[in-house]
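S.K.: sequence plus predicted model, see below.
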Amino acid sequence: MFESLSDKLQAVFDRLARQGKLSENDVNTALREVRLALLEADVNFKVVKDFVERVKVRAIGAEVMNSLTPAQQVVKIVNEELIELLGKPAPLNLSGQPPMVIMLVGLQGAGKTTMAAKLALHLRKSGQRPLLVAADIYRPAAIQQLEVLGKQIDVPVYSEGTQVPASTIAKNATRLAREKAYNIVILDTAGRLQIDETMMQELEQVRMITRPNEVLLVVDAMTGQEAVSVAEGFNARVAITGLIMTKIDGDARGGAALSVRQVTGVPIKFLGIGEKLADLEPFQPDRLAGRILGMGDVLTLIERAQESITEEDALAMEKKLQGGDFDFEDFLGQLRQIKKLGPLTDIMNMIPGMSKMTKGLDPRMAEGGLKRTEAIINSMTRKERQFPDVLNASRRRRIASGSGTTVQDVNALVKQFREMQKMMKQMGIMGGAKKGKGQRRGFMDMFGGMG
């Protein structure tokens, strides 16, 4: 989402780095480009003005001008001010007597129903017992959609159809949650194509009856600056306590995410980063700032790995590495684990320094490369996977035919695998003396090799 903004900011910082000692003129020129980059990214002009002014005051001060690495100091200042702009992390308010009520509001098409299921899954993983409530009585498909999603994530859904008022449904659902010991109630309320009086009155009634711990506005990041006015409209009537930005993985320019918190004063609590129900991240401003500035986001990558890769799998791979025994079965297993972490280009952008390498890389081609590799390995027999030395010319022709690839593709993969196999044996030796360091290095090298 922030690709264009990130590229422009990195270009500005690269030019500063080549200049060495910076003058006030250099800083002013760079900040002019930063201002244009932010405006082109659809950031609110008042937000841009204040942001650039704060950076300028610090950038022409002694901490930059007298620094041995002035360009790095400017990047550091921009990063700190960007984090300040995005606000502090704002966890959900789940204090008080259960059941705690989370009310989702927003315009139609913002992704409220899917977000309700994503939030329920996120809370269930953290040990909570959520209950989903279908309170959108104007769109029967929304009730059916929520019930389908509830079954997928094993979370119950309470509904009373379309003839009962939303406030009554919310009241009855809260009572049921108390009786059945569900400690969190997630209300999926109705949306409209635009803010209207009827919609707001209904939301006010639901809020008054349920007294929610959180009123979260689901905002489509693709709407740009319109997201700011939508947030202001909802905040004036139902006092929203937090924002959830959806479609962060889209090709929007990103200005809404940088503007909406500053303009409304309401914190961003979650980011919807994909279409899968597990694609929900608690908002971490320092990590998002790192991605925008091309610094990577290793912590999020580690957290995704911990969720996707079990401890048993990690221990099994550790034994393989220590024994220097790595075959195509292991290669395929590692490939599938990496695919669980998300799109390949997104993962690579989380690794510091890799964003420049992925510039211009078509995500579909990258994913296609992984699928081609998986197809080739799947076309091998079990014996061929475990003992690659048996892969003679006739076997390679058969594998190419079975996987819809060429013999050259198969040869290239086998050559790459041989190099990885040598590296894994070296890692096994390293593991004996410097086990932890060897494993961390090995994971990054193997990832780079697969890429």
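M.R.: Nice, thanks for sending it over.

S.K.: C-alpha only now, for contacts and for neighbours.
M.R.: Noted.

S.K.: distance from the strand or helix carrying Ala257 to the middle of the chain?
M.R.: Using DSSP states H and E, Ala257 sits in helix 255-264. Computed by CA atoms, centre = their mean, to the nearest Å, the chain-centroid distance of helix 255-264 equals 18 Å.

S.K.: swap in stretch 174-183?
M.R.: A distance of 32 Å separates the centroid of the chain from that of stretch 174-183, by CA atoms, centre = their mean.

S.K.: one more: stretch 256-267?
M.R.: Computed by CA atoms, centre = their mean, the chain-centroid distance of stretch 256-267 equals 18 Å.

S.K.: strands of the stretch 151-300 of the chain, residue ranges please.
M.R.: 157-158, 184-189, 214-220, 242-246, 268-272, 280-282 (DSSP state E, counting those that start in this stretch).

S.K.: and the residue lying farthest from the centre of the chain, how far from Ala375?
M.R.: Ranked by distance from the centre of the chain (CA atoms, centre = their mean), the top residue is Ser394, with 44.3 Å. As judged by CA to CA, to the nearest Å, Ser394 and Ala375 stand 18 Å apart.

S.K.: how about the contacts made by the residue sitting nearest the centre point of the chain?
M.R.: Among the residues of the chain, the one closest to the centroid is Ile273, at 4.0 Å (CA atoms, centre = their mean). Contacts for Ile273 (CA atoms under 8 Å, 6 or more residues apart in numbering) come out as 246-249, 279-281.

S.K.: flag the least confident of these.
M.R.: Ranked by pLDDT, the contacts of Ile273 bottom out at Asp249, which has 66.

S.K.: can you check what angle separates the helix holding Ala257 from strand 268-272?
M.R.: Angle of helix 255-264 versus strand 268-272, following axes from the mean of the first three to the mean of the last three CA atoms, to 10 degrees, is 170 degrees.

S.K.: by contact count, what packs against helix 255-264?
M.R.: Helix 255-264 sits against helix 45-59, helix 70-86, helix 226-238, with contacts defined as 3 or more CA pairs under 8 Å, 6 or more residues apart in numbering; DSSP states H and E.

S.K.: buried deepest among these, which one?
M.R.: helix 70-86 (a mean of 19; mean count of other CA atoms under 10 Å).

S.K.: any chance of the strands of the stretch 151-300 of the chain in a markdown table, with mean neighbour count too?
M.R.: Below are the strands of the stretch 151-300 of the chain laid out as a markdown table (neighbours: other CA atoms under 10 Å):
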| stretch | mean neighbour count |
| --- | --- |
| strand 157-158 | 22 |
| strand 184-189 | 27 |
| strand 214-220 | 26 |
| strand 242-246 | 25 |
| strand 268-272 | 25 |
| strand 280-282 | 18 |
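
S.K.: as TSV, those strands with distance to Asp7 would be great.
M.R.: Formatted as TSV, those follow (distance: least, CA to CA, whole Å):
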stretch	distance to Asp7
strand 157-158	44
strand 184-189	37
strand 214-220	23
strand 242-246	22
strand 268-272	21
strand 280-282	23
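
S.K.: out of those, flag the one nearest Val27.
M.R.: strand 268-272 (30.9 Å; CA to CA).

S.K.: listing partners with orientation, what would you give for that closest one?
M.R.: The pairing partners recorded for strand 268-272 under DSSP bridges are strand 242-246 (parallel), strand 280-282 (antiparallel).

S.K.: and the first one with helix 226-238, angle?
M.R.: Right, the one you point to is strand 242-246. 150 degrees.

S.K.: okay, now the domains of the chain?
M.R.: 3-86, 100-293, 301-450 (automatic domain parsing).
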